[in-house]
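# The sequence and its predicted three-dimensional model are supplied below.
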Amino acid sequence: MQRLTFAKAEGRPFHLLCLGAHCDDIEIGAGGTILRLLAERPGSEVHWMVMSSTPEREREAVGAAGDLLAAAGAKRVVVKAFRDGYLPTQAVEVKDAFEETKGLVKPDLILTHHRHDRHQDHRMIAELTWNTFRNHLIAEYEIPKYEGDLGHPNLFVPLSEEIARRKIAVILRYFTTQGGRRWFRAENFEALMRLRGMECNAAEGLAEAFHVSKLVI
C-alpha cells in the first residue's frame with residue numbers, strides 16, 4: 001500500500017485544528033493521531049475547540065487537551081458552553097464561533113466529526129467545518145456509540161502500542177463524569193483501534209481511521 005504523509009510548509013510550523021461537539025470527542029476520535037503528529041512534528045501549533053460543555057466538563061476537557069498537547073509548540077484550547085444535544089437549535093451562535101475561529105487559524109489539517117454521524121451535534125460540527133473551511137485538508141474521525149454508525153473510512157493512521165495506551169489513559173483519567181456510562185470502557189476504545197489496525201495492516205496492530213472526501217496530492 002502506498003503510504004502518504006502530511007506535508008509541512010517550509011519556514012513555519014505544522015498547524016492543526018481540532019474540532020469537537022463534546023468534551024471527549026476529539027480525544028476518543030483522534031487522540032492517538034494527535035499524539036503521533038506532535039511526536040513527529042515538534043513545534044506544531046494546535047487550535048482546539050469544543051462546542052458543548054458544563055463547568056465540570058470544561059475542566060475535564062482542558063486537562064485532557066493539556067495532556068495530549070504537551071509536545072505542541074503552541075496551543076490554544078477553547079471550550080464553549082453550548083447545551084449538549086441542542087447544537088442545531090443554537091445554529092447562529094455556533095456558526096459565529098466557527099467564523100471567529102476561521103479568522104484565527106490557517107490549518108494544514110483539520111480533524112472533525114464525520115458528516116454521516118447519527119448524533120445531531122456531531123453532524124452539525126462536521127457540516128460547519130466543510131462550510132467554513134473551503135480549501136483545507138479535512139479528516140473526519142469516528143466515535144463508537146450505541147447508534148452503531150461506524151462506516152468505511154479511507155484514511156488510516158497506524159499507532160504504536162505506547163501511543164494507544166497513552167490515549168486510553170488520558171481519556172479515562174480526565175473524563176471521570178463519563179465513567180458510569182456503559183460505552184466508556186478502555187476495551188471499547190482499544191477494540192476500535194485494533195479493528196482499524198487490522199484493516200490497514202498496521203505494524204503494531206493499532207490505528208485510528210478517518211473519512212477524507214477530498215484530497216489533493
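Okay, I see it.
# for the residue nearest the centre of the chain, helix, strand, or coil?
The centre of the chain sits closest to Ile26, judged by CA atoms, centre = their mean, with a distance of 3.2 Å. Assigned by DSSP: H, G, I helix; E, B strand; the rest coil, the conformation of Ile26 is helix.
# Bridged to the residue nearest to it when sequence neighbours are not counted, which residues?
What sits nearest to Ile26 in space, not counting adjacent residues and going by CB to CB, 6 or more residues apart in numbering, is Gly20, at 4.1 Å. All C-beta atoms are positioned from the backbone trio N, CA, C, and that covers glycine. Using DSSP bridges, the bridge partners assigned to Gly20 are Val50.
# Please read off the pLDDT at Gly20 from the model.
Note for Gly20: predicted pLDDT of 98.
# and what of Gly180?
For Gly180, the pLDDT comes out at 89.
# how deep is it tucked in, by neighbour count?
By other CB atoms under 10 Å, 7 other residues sit near Gly180.
# Give me the residue ranges of this structure where confidence is low.
With pLDDT under 70 as the threshold, the chain has low-confidence stretches at 7-11.
# Tell me where it has strands.
15-20, 45-52, 74-82, 109-113, 138-141, 155-159, 206-211 (DSSP state E).
# right, so of these, which gets closest to Gly31?
Within these, the stretch nearest Gly31 is strand 206-211; the backing value is 8.0 Å (CB to CB).
# Now find how far off-centre that closest one is within its chain.
11 Å (CA atoms, centre = their mean, to the nearest Å).
# picking up where we left off before, so the residue nearest to the centre of the chain sits against Trp48, correct?
Yes. Between Ile26 and Trp48 there is a contact under CB atoms under 8 Å: 6.8 Å.
# Now for these two: what residues contact both?
Counting by CB atoms under 8 Å, 6 or more residues apart in numbering, the common neighbours of Ile26 and Trp48 are Cys18, Ala65.
# quick revisit: now the strands of the chain in a markdown table, with distance to Trp183 and mean neighbour count?
Output for the strands of the chain, formatted as a markdown table (distance: least, CB to CB, whole Å; neighbours: other CB atoms under 10 Å):
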| stretch | distance to Trp183 | mean neighbour count |
| --- | --- | --- |
| strand 15-20 | 16 | 26 |
| strand 45-52 | 18 | 24 |
| strand 74-82 | 22 | 16 |
| strand 109-113 | 17 | 25 |
| strand 138-141 | 16 | 26 |
| strand 155-159 | 21 | 21 |
| strand 206-211 | 17 | 25 |
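# what about these, which gets the closest to Leu4?
Closest to Leu4 of the strands of the chain, according to CB to CB: strand 155-159, at 8.9 Å.
# check contacts around the closest residue to Ala64 other than its chain neighbours.
Once flanking residues are discounted, Ala64 sits nearest to Tyr174: 3.9 Å by CB to CB, 6+ apart. Contacts for Tyr174 were tallied using CB under 8 Å, 6+ apart; they are Glu60, Ala61, Gly63, Ala64, Asp67.
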